[in-house]
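Curious how this folds, go ahead:
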Amino acid sequence: MPLHPITKDDFGVENAVYGILMIAIVVMVALLIGSLVLSQGGQVQVLASSPKASLTGVMYGGTTPTMMINHESGDPLQVSQIMLNVYDDDGVLIGSTQVSNISPAVTPEQLSPGMQTSAIPLSLNTGKTIDTGSRYTVKVVSSQSKQQIGSVVLVAR
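Here you go, the predicted model:
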């Protein structure tokens, strides 16, 4: 009979090794998830800051086409930070208007639900026109994040 029977017991060593391996795996997974979250932080902030709004409007054709935007609901919009992309009924982009480049400035500066802008002159591509009675889709885009804020389908008056 051995003098120290406890020294022959190997069952405790096996459990300790499993415990250490499980802790190492948990730490590695936590580091991987942490690095992914931290590397995507800047993109998450840009997406979170893009406003969304439900919009309607009125479009006038003719030699100097214009549009007024009605803000129905959603986030307040900085009018100088929006861009209007106008598409014809076939989905072809016929013009793009950077609202900050318009002089005199479009009012109000901040468009909240229940408000309407002043007339916004539309910039159209060469040879393109806004015809009375024709249908157009206007996509309102943030000029900073390039994210779509809202879209409206209109029949020109």
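
ranges for the strands of the chain?
53-60, 66-74, 77-78, 82-87, 93-98, 110-111, 120-121, 135-142, 148-155 (DSSP state E).

Mean neighbour count added to the ones you listed, as TSV?
The way it works is simple: take the backbone N, C-alpha and C, and place the C-beta from them, glycine included. Formatted as TSV, the strands of the chain follow (neighbours: other CB atoms under 10 Å):
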stretch	mean neighbour count
strand 53-60	17
strand 66-74	18
strand 77-78	21
strand 82-87	20
strand 93-98	17
strand 110-111	18
strand 120-121	18
strand 135-142	18
strand 148-155	17
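
TSV for those, including mean pLDDT?
TSV is the format used below for these (pLDDT from 0 to 100):
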stretch	mean pLDDT
strand 53-60	90
strand 66-74	92
strand 77-78	89
strand 82-87	94
strand 93-98	93
strand 110-111	90
strand 120-121	92
strand 135-142	93
strand 148-155	91
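
need those strands in CSV with distance to Val13, can you?
CSV is the format used below for those (distance: least, CB to CB, whole Å):
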stretch, distance to Val13
strand 53-60, 65
strand 66-74, 63
strand 77-78, 66
strand 82-87, 68
strand 93-98, 71
strand 110-111, 69
strand 120-121, 77
strand 135-142, 61
strand 148-155, 61
